[in-house]
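**Q** sharing a model that was predicted from the sequence below.
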Amino acid sequence: MGKVQKQKEQNVLSIIERKTGRLIHEEEYGQRAIYFLYHHFLGRLLLKMIFARSYFSFLRGLYYNSFLSKKEIAPFVEKYGLSKELLKKNYQSFGAFFSRKEAVNLREAGKENTKENGEAWKEKLREKGQARKQAFYATASGKLLAYKIDQEGKIIFPCNENNGKSKPFPLEIKGNFYSIEKILKAPCPEFLKGGTLLVFRLSLPDYHRYIFPAKGKLLRTKKIKGRLDSVRKEAAHFKAFSENKREISLLELEGMGKILHVEVGAMLVGHIHNHSANQFPFRFAAGEEKGYFSLGGSTIVEMLSDKIMIDEDLFENTNKGLETKLEIGERIGYGKA
């Protein structure tokens, strides 16, 4: 059996859909090509010389933002089983389709993204008393991994609380231990120690706009120049978080303290578009759109303080080697009250 086939079989059981509990398989666009680029000598050479360069993403973007690319929309919708309603809209290019804006409703965990579910959740919060628990929402649609951050700033798998013998162990991939310091290119801030790290992996069919996860204010931002490697699993995507182009935002959430929100650029993603003006502090509401990505798969990393409690099922799935498929705007945790 070939390596590519083995990789495909491994991916079949690597994602769990949160709202149904089903194990699912999502076919990645260009999966064979990505595997070649990262696992063969010639592929790695082409990657270094051409495909990971910003000019390649720029040139590719010229086509996908032109009217010539409109013909790509219908096959894409069909291939990934997206809503046929999208075909009724007159997008001027595939790029416009990709970065389209849709309604986002804040709602309880696992609920469909509908206004009705959002209104029902608001009523539920009023009944429980919003002041007691501030909901923390998924900033994007995609596949989620959830880790703990230890007191030294290392990223770790949380121990099983039901088994007193188990201990947390660090995230290690191909001999590399991953830490907050590598992602930020700076020491881990004290407010993150003992907190949580969330990784939202957005593949091509996912909605590529993202929101603020709770009410608060944007204190400052920082841009880090870097490469444009793939963020897919077969490309050792954790390495990309410490080497790729990225934008870091320091947010202070009401009742939850400070968090760091990081957008990571990826191969074939030329731009990260954030709406917030350079006027700090910038105040925002829960669910307000923060920005969007142009073309390609992308990733968002959020680093949270210990004042935010993330739902246990997300940690459990990560410990099992499963990414959790969820949708933008669904509740994934609470602020400690």
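**A** In hand now; what should we look at?
**Q** does Pro82 touch Leu204 like I think?
**A** You called it Pro, but residue 82 is Leu. No - with contacts counted by C-beta atoms under 8 Å, Leu82 stays clear of Leu204, the gap being 10.5 Å. Using the backbone N, CA and C atoms, a C-beta is placed for each residue, glycine as well.
**Q** between these two, which one's more packed in?
**A** Comparing Leu82 with Leu204 by other C-beta atoms under 10 Å, the one with more neighbours is Leu204, at 18 against 15.
**Q** okay, that one: pLDDT?
**A** The per-residue pLDDT reported for Leu204 equals 84.
**Q** same thing with Lys88?
**A** Value listed for Lys88 in the pLDDT field: 93.
**Q** distance of it from Val77?
**A** Distance, Lys88 to Val77, using C-beta to C-beta, to the nearest Å: 11 Å.
**Q** thinking again about what came up before, now for Leu82 and Leu204: what residues contact both?
**A** Phe76 (C-beta atoms under 8 Å, 6 or more residues apart in numbering).
**Q** for Leu192, what are its contacts?
**A** By C-beta under 8 Å, 6+ apart, Leu192 lies in contact with 149, 153, 180, 260, 303-305.
**Q** picking up where we left off before, which one of Lys88 and Val77 is surrounded by more residues?
**A** More crowded of Lys88 and Val77, by other C-beta under 10 Å: Val77, with 17 against 7.
**Q** doesn't that one fall inside a helix?
**A** Yes - using DSSP: H, G, I helix; E, B strand; the rest coil, the assignment for Val77 is a helix.
**Q** before we move on, what SS does Gly95 have?
**A** Strictly by three-state DSSP, Gly95 counts as helix.
**Q** got the contact list for it?
**A** Each residue near Gly95 by C-beta under 8 Å, 6+ apart is listed here: 61, 64-65, 69, 294-295.
**Q** domain ranges for this protein, per the record?
**A** Dividing the chain into domains by automatic domain parsing, as the record does, gives the ranges 3-98, 115-335.
**Q** these: lowest mean pLDDT?
**A** Of all the domains of the chain, mean pLDDT reaches its minimum on domain 3-98 (a mean of 73).
**Q** dump the residue contacts of Glu116.
**A** Residues near Glu116 by C-beta under 8 Å, 6+ apart: none.
**Q** buried sites along the helix or strand containing it?
**A** Assigned by DSSP states H and E, Glu116 belongs to helix 115-128. Within helix 115-128, the residues that count as buried by 16 or more other C-beta atoms under 10 Å are 117-118, 121, 125.
**Q** tell me the strands beside the helix or strand that that helix is followed by, with direction?
**A** Downstream of helix 115-128, the next assigned helix or strand under DSSP H and E is strand 134-137. Paired neighbours of strand 134-137 in the sheet (DSSP bridges): strand 331-335 (antiparallel).
**Q** which residue ranges of this structure form helices?
**A** Listed in chain order, the helices of the chain (DSSP state H) span 3-12, 31-39, 41-46, 54-64, 73-80, 94-98, 115-128, 180-184, 237-243, 312-319.
**Q** list the contacts for Leu197?
**A** Contacts of Leu197 by C-beta under 8 Å, 6+ apart are 146-149, 155, 180, 301-304.
**Q** leaving out sequence neighbours, find the closest residue to it.
**A** Spatial nearest neighbour of Leu197, chain neighbours left out: Tyr147 (4.6 Å); criterion: C-beta to C-beta, 6 or more residues apart in numbering.
**Q** what number of residues lie near the one you found?
**A** As a measure of burial, Tyr147 has 25 neighbours, counting by other C-beta under 10 Å.
**Q** thought it was touching Ile180?
**A** No - applying C-beta under 8 Å as the test, Tyr147 and Ile180 come out as separate, 10.5 Å apart.
**Q** what touches both of the two?
**A** Joint contacts of Tyr147 and Ile180 (C-beta under 8 Å, 6+ apart) are 155, 197.
**Q** which residue lies nearest the spatial centre of this protein?
**A** Nearest residue to the geometric centre of the chain (C-alpha atoms, centre = their mean): Phe200, 2.0 Å.
**Q** give the bridge partners for that residue, please.
**A** Listed by DSSP bridges, the beta-bridge partners for Phe200 are Leu144, Ile300.
**Q** with Lys143 as the reference, measure out to it.
**A** 7 Å.
**Q** one more: Lys89?
**A** As judged by C-beta to C-beta, Lys89 and Lys143 stand 26 Å apart.
**Q** now the contacts of Gly95 as JSON lines including distance to Thr20?
**A** Formatted as JSON lines, the contacts of Gly95 follow (distance: C-beta to C-beta, whole Å):
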{"residue": "Gly61", "distance to Thr20": "35"}
{"residue": "Tyr64", "distance to Thr20": "32"}
{"residue": "Asn65", "distance to Thr20": "36"}
{"residue": "Ser69", "distance to Thr20": "33"}
{"residue": "Ser294", "distance to Thr20": "31"}
{"residue": "Leu295", "distance to Thr20": "29"}
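**Q** just flag the most distant two among the residues you listed.
**A** Ser69 and Ser294 (12.8 Å; C-beta to C-beta).
**Q** circling back to that earlier point, wait, what's in contact with the residue nearest to the centre of the chain?
**A** Per C-beta under 8 Å, 6+ apart, neighbours of Phe200: 138-140, 142-144, 210, 299-302.
**Q** one more time with 10 Å, if that's ok
**A** By C-beta atoms under 10 Å, 6 or more residues apart in numbering, the contact set of Phe200 is 138-145, 206, 210, 263-264, 298-302, 323, 326, 328.
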